[in-house]
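Chemist: curious how this folds, go ahead:
(chains A and B)
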Amino acid sequence: MFKGLTLKKAQEILSRKEVSGEELTQYFLKRTYELNPKFNAYLSIFENAPGGLPCAVKDLIMVEGEKCTGGSKILENYIASYDATVVKKIRASGSSILGKTNMDDSAMGTTGENSAYGPTLNPLDHTRVAGGSSSGSVAAVAADMALFALGSETGGSVRLPASWTGTVGVKPSYGRVSRHGLIPLTSSLDQVAPVTKNVEDAAIVMNMISGHDALDSTTSPKPVPDYTASLGKSIKGLRVAVPKEFFGEGLDPQVETFIKNAIKKLEELGAKISEVSLPMTDYALATYYIITPSEVSTNLARLDGIRYGYSAEGRNLLEVYEKSRSQGFGREVQRRIMIGTFALSAGYYDAYYKKAQQVRTLICRDFDRVFHDHDVIVGPTSPVMAPKIGEFKDPLQFYLADVYTVQANLAGLCGISVPCGFGELDGVKLPIGLQIMADRFQEEKIFQTAFAYEQSTR
Amino acid sequence: MSTITKEQVEHIAKLARLEFDDAQKEKMTKELGQILTYVEKLKEVNTEGVEPTAQVTGLEDVFRKDEAVPWWDGNPMDLVEAAPEHEGRFVKVKEVFKKV
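Modeler: The predicted structure follows:
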């Protein structure tokens, strides 16, 4: 009945009283109970969800009185003691949270396969992953188990899986959305990030969740514009930069074709396309995989088996720490804690962590230079389409999927992934995502561009 | 090829409060070596005189009054009860010091 229903349309039929909030919630709950065993998108479902606009929240974001596992065994029984600011905000905008969604253990992963609770399957091809780390959030939206979802981003954890499931994913500028109640992993990169069915819905959700929060001193006091006002604005004369480094080795030829066609489309719509260079692109991933583990290793020190979460038996305090953490964290999490601890340890700090922070400065300068005379940067979201379950094997293979997304996080930019067509693998059509990035707090430009593109392909 | 020794892995594991058996140590030594080899490409970048970036908000020294502002109307005992081991108003921990 409500299959393919958008958030915008749901708001309209609600306000015209063609449907009640209870009816919407009950329909989506029923569908979720039916479909979830197949896709493993939700880790918990709230059977008493109130009437409203049905949505899903990543299990890294706290909802008072409900479990918040972070996709990890170490928090399997943890009950959140307060609501995240974004949870309060979406509720105040009439949303009803249907449950908490699956994710890679502690948000570390690009396929969703690192979840302690099993992978989320891609609703478009059940033999493939939905993508991570916000695997359940994108699958819930793609399979009509929610009108929209909140995920989170540290290095592409919403844009990447959105591109693999044909959904729209937004990475807000750092400081645009409150992190209060989002379990911190890489504090200098993390942002709450919406997943929706189309660009208009993404602008609506950003209107709901953006803004300063006294409980997160990294939020910006800049006023929040009405993002829906950017929709429908012509992109005639818009200055679009295409970084040549985004079309190098490792890019699937089918993805390349669709992205190039999308860029042509933008040109037809009147945008001025020019090739630019982001010379630090080749170093972004290495920078990311030092900064992230370093911050992660300190942030996760709080999970010690004493204050909350999983606790193992031990003869003394040290044993409780070691056993709880070794049994509670997944392998990828332990790997990153080890890398981070190493990068921050005496004798290595300058060579690794400080070096990465300096390269981060150079990455920011690359973007400052491009945004000096361009409005947006476009390119692929992911170098490949959704891989099969088990297809990625060694850690670096997982890391490389993030190659086009981590830079926006390192530089604090905003970005969006919007579907731009379907490639084909093993006879199955799989979605491809076009990434559009803009400078810090220039979300209006990504919505303007993404909406113009999306409408032109209808 | 960057190498990290098994002894280094043991030392870092101790700092990180993680424990591995022998097979896991071997695997971790190999995997960390691979990752460190990859990230070492940063050495190619000349960063002389470049300031490190720790955050990108553009905000500096965000102050507030040193006043307690109530933001949560929950029950503080819930926080104590979230601890795996607790007794009354206290979180219980295993012995920290050896008895002499």
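Chemist: now do the closest residue to chain B within the stretch 51-200 of chain A, the pLDDT please.
Modeler: In the stretch 51-200 of chain A, no residue comes nearer to chain B than A:Gly175, which is 4.4 Å away by Cβ to the nearest Cβ. Every residue, glycine included, has its C-beta placed from N, CA and C. pLDDT recorded at A:Gly175 is 97.
Chemist: tell me who's in contact with it.
Modeler: A:Thr218, A:Thr219, A:Ser220, A:Gly412, A:Arg440, A:Phe441, B:Thr57, B:Gly58, B:Leu59 (Cβ atoms under 8 Å, 6 or more residues apart in numbering or on different chains).
Chemist: cutoff 7 Å now
Modeler: A:Thr218, A:Thr219, A:Ser220, B:Thr57 (Cβ atoms under 7 Å, 6 or more residues apart in numbering or on different chains).
Chemist: can I get the helix or strand of chain B with the lowest mean pLDDT in PDB, CA atoms only?
Modeler: When the helices and strands of chain B are scored by mean pLDDT, DSSP states H and E, helix B:76-81 comes last with a mean of 90. Written as PDB, here are the backbone C-alpha positions of helix B:76-81 (Å, rounded to 0.1, in the frame of the first residue of the first chain):
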ATOM      1  CA  PRO B  76      21.400   8.500  38.300                       C
ATOM      2  CA  MET B  77      21.000   5.000  39.800                       C
ATOM      3  CA  ASP B  78      20.400   3.700  36.300                       C
ATOM      4  CA  LEU B  79      23.900   4.600  35.500                       C
ATOM      5  CA  VAL B  80      25.200   2.600  38.500                       C
ATOM      6  CA  GLU B  81      23.000  -0.300  37.500                       C
END
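Chemist: quick revisit: does the residue of the stretch 51-200 of chain A closest to chain B fall in a helix, a strand, or a coil region?
Modeler: coil (DSSP: H, G, I helix; E, B strand; the rest coil).
Chemist: one step back: now rank the contacts of A:Gly175 by neighbours and give me the top one.
Modeler: Counting neighbours by other Cβ atoms under 10 Å in any protein chain shown, the top entry in the contacts of A:Gly175 is A:Thr219, with 23 neighbours.
Chemist: assign that one to helix, strand or coil.
Modeler: Per three-state DSSP, A:Thr219 ends up coil.
Chemist: what sits against the most centrally placed residue in chain B?
Modeler: Chain B has B:Ala16 as the residue nearest its centroid, 6.9 Å off, counting by Cα atoms, centre = their mean. Contacts for B:Ala16 (Cβ under 7 Å, 6+ apart) come out as A:Ser297, A:Ile337, A:Met338, A:Thr341.
Chemist: just the buried members of the residues you listed?
Modeler: A:Ser297, A:Ile337, A:Met338, A:Thr341 (16 or more other Cβ atoms under 10 Å in any protein chain shown).
Chemist: so which of these comes closest to A:Asp373?
Modeler: A:Ser297 (39.3 Å; Cβ to Cβ).
Chemist: pLDDT of the helix or strand where B:Glu7 lies, averaged?
Modeler: Assignment of secondary structure by DSSP states H and E places B:Glu7 within helix B:6-16. Average pLDDT, helix B:6-16: 97.
Chemist: before we move on, back to that, let me know the closest of the contacts of A:Gly175 to A:His180.
Modeler: Using Cβ to Cβ, those come closest to A:His180 at A:Thr219, 8.5 Å.
Chemist: surely the closest one meets A:Val192?
Modeler: No - with contact defined as Cβ atoms under 7 Å, A:Thr219 does not count as touching A:Val192 (11.0 Å).
Chemist: which pair in the contacts of B:Ala16 spans the largest distance?
Modeler: Most distant of the contacts of B:Ala16, by Cβ to Cβ, are A:Ser297 and A:Met338, 7.9 Å apart.
Chemist: show me the contacts for A:Gly99.
Modeler: Contacts of A:Gly99 (Cβ under 7 Å, 6+ apart): A:Tyr42, A:Ser44, A:Ile45, A:Phe46, A:Ala56.
Chemist: for chain A, what helix or strand is lowest in average pLDDT?
Modeler: helix A:395-400 (a mean of 85).
Chemist: buried set for whichever helix or strand comes after that helix?
Modeler: With elements assigned by DSSP H and E, the helix or strand that comes after helix A:395-400 is helix A:406-411. If you call a residue buried by 16+ other Cβ under 10 Å, then helix A:406-411 has these buried ones: A:Val406, A:Gln407, A:Ala408, A:Asn409, A:Leu410, A:Ala411.
Chemist: how near is the fourth one to A:Gly270?
Modeler: Taken as Cβ to Cβ, to the nearest Å, the spacing of A:Asn409 relative to A:Gly270 amounts to 30 Å.
Chemist: what's the longest helix in chain B?
Modeler: helix B:22-39 (DSSP state H).
Chemist: packing partners for that one?
Modeler: Packing partners of helix B:22-39 (3 or more Cβ pairs under 7 Å, 6 or more residues apart in numbering or on different chains; DSSP states H and E): helix A:281-299, helix A:331-344, helix A:395-400, helix B:6-16.
Chemist: from memory A:Thr6 sits against A:Ala202, does it?
Modeler: No - if you go by Cβ under 7 Å, A:Thr6 and A:Ala202 don't touch, sitting 10.5 Å apart.
Chemist: the more surrounded of these two?
Modeler: Between A:Thr6 and A:Ala202, A:Ala202 has the larger neighbour count (other Cβ under 10 Å), namely 32 against 17.
Chemist: I'd guessed the more buried one sits against A:Pro194; true?
Modeler: Yes - contact criterion Cβ under 7 Å: A:Ala202 and A:Pro194 qualify, at 5.7 Å.
Chemist: what is in contact with those two at once?
Modeler: A:Val170.
Chemist: give me the most central residue, chain A.
Modeler: A:Val158 (1.9 Å).
Chemist: and A:Arg365, what element?
Modeler: Short version, using DSSP H and E: A:Arg365 is in helix A:355-372.
Chemist: does any bit of that helix sit next to chain B?
Modeler: Yes - for helix A:355-372 and chain B, the contact criterion (Cβ under 7 Å from any Cβ of the partner chain) is met by A:Lys355, A:Ala356, A:Gln357, A:Gln358, A:Val359, A:Arg360, A:Thr361, A:Leu362, A:Cys364.
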